[in-house]
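**Student:** any chance you could fold what I've pasted below:
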Amino acid sequence: MLCALAPGQAHLPPGRLRGLAHHLRQYPDLWLATKRQKQAAEHLLHALRSTAARWRDPRQAAAAGFDVHTARRAAGDRSPHYLHAENERYSHDEHFLDPQRPEALIFANVQGHRLTLIGVMFSMPRGIHGPTPAGPIARWHFHRVCARGDKRGLKPLPDGSCPPGETLRDGSEMMHVWFTKDLRSAYAIHAPVPELCFAGLLPVGYCASGQRLSGM
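**Tutor:** Predicted coordinates:
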């Protein structure tokens, strides 16, 4: 397994450029980046904000080829879901980390509210490492998945095992970029809920008291 934890470690050391999603620290350490790497991270985020403005409306996103169909919810589930609307064409081209061609848009899908664009996801073909112009700020993560042959993997069973005929393996690398108000949370591994609330991208009723005011 790539970048495995040492005995007693909860997370990989700061500065790692890639690793299992739950082994990487949620937020990057900006101080580890060079001036050029920080500029690259800021440039990518700025370019994505500009490009993604045209896909903010789910109808426009669908017209551009992003699959905005939402998954069925369990009865009584009112929690926010993070819809990854994949673009089949962009997912099978050879443009990597291209702000004009993200492999998926991420929408907050909260019951009773319209889909809200909160970020994008880049992904790589299996076995290929993603480019790292922003160094330790824009990190690539992957998940352990159950896969059959060269097909896309799925989440393991609740006990961590795989169905018959499927093998547990490292999935392909991916990177999330969130449309928050600061560089650090924009490159969080998982959805940075406090900062998304502060940016007004999640409904007030979902956010904890004070999150929209303090961002913490």
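**Student:** avg pLDDT for the longest strand anywhere in the chain?
**Tutor:** Identified as the longest strand of the chain according to DSSP state E is strand 116-123. Averaged across strand 116-123, the pLDDT comes to 97.
**Student:** quick one: the helix ranked longest in the chain to strand 116-123, angle?
**Tutor:** Using DSSP state H, we find that the single longest helix of the chain is helix 35-52. Angle between the axes of helix 35-52 and strand 116-123 is 120 degrees (criterion: axes from the mean of the first three to the mean of the last three Cα atoms, to 10 degrees).
**Student:** so which residues of the protein form strands?
**Tutor:** Shown for the chain, the strands assigned by DSSP E span residues 18-20, 81-86, 104-109, 116-123, 140-142, 144-147, 167-170, 174-178.
**Student:** the fourth one pairs with which strands, and in what direction?
**Tutor:** The pairing partners recorded for strand 116-123 under DSSP bridges are strand 104-109 (antiparallel), strand 174-178 (antiparallel).
**Student:** can you redo those as a markdown table with distance to D67 and mean neighbour count?
**Tutor:** Every residue, glycine included, has its C-beta placed from N, CA and C. What follows is those, written out as a markdown table (distance: least, Cβ to Cβ, whole Å; neighbours: other Cβ atoms under 10 Å):
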| stretch | distance to D67 | mean neighbour count |
| --- | --- | --- |
| strand 104-109 | 9 | 22 |
| strand 174-178 | 16 | 23 |
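**Student:** redo these as a markdown table? Include distance to G130 and mean pLDDT.
**Tutor:** Formatted as a markdown table, the strands paired with strand 116-123 follow (distance: least, Cβ to Cβ, whole Å; pLDDT from 0 to 100):
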| stretch | distance to G130 | mean pLDDT |
| --- | --- | --- |
| strand 104-109 | 14 | 95 |
| strand 174-178 | 6 | 97 |
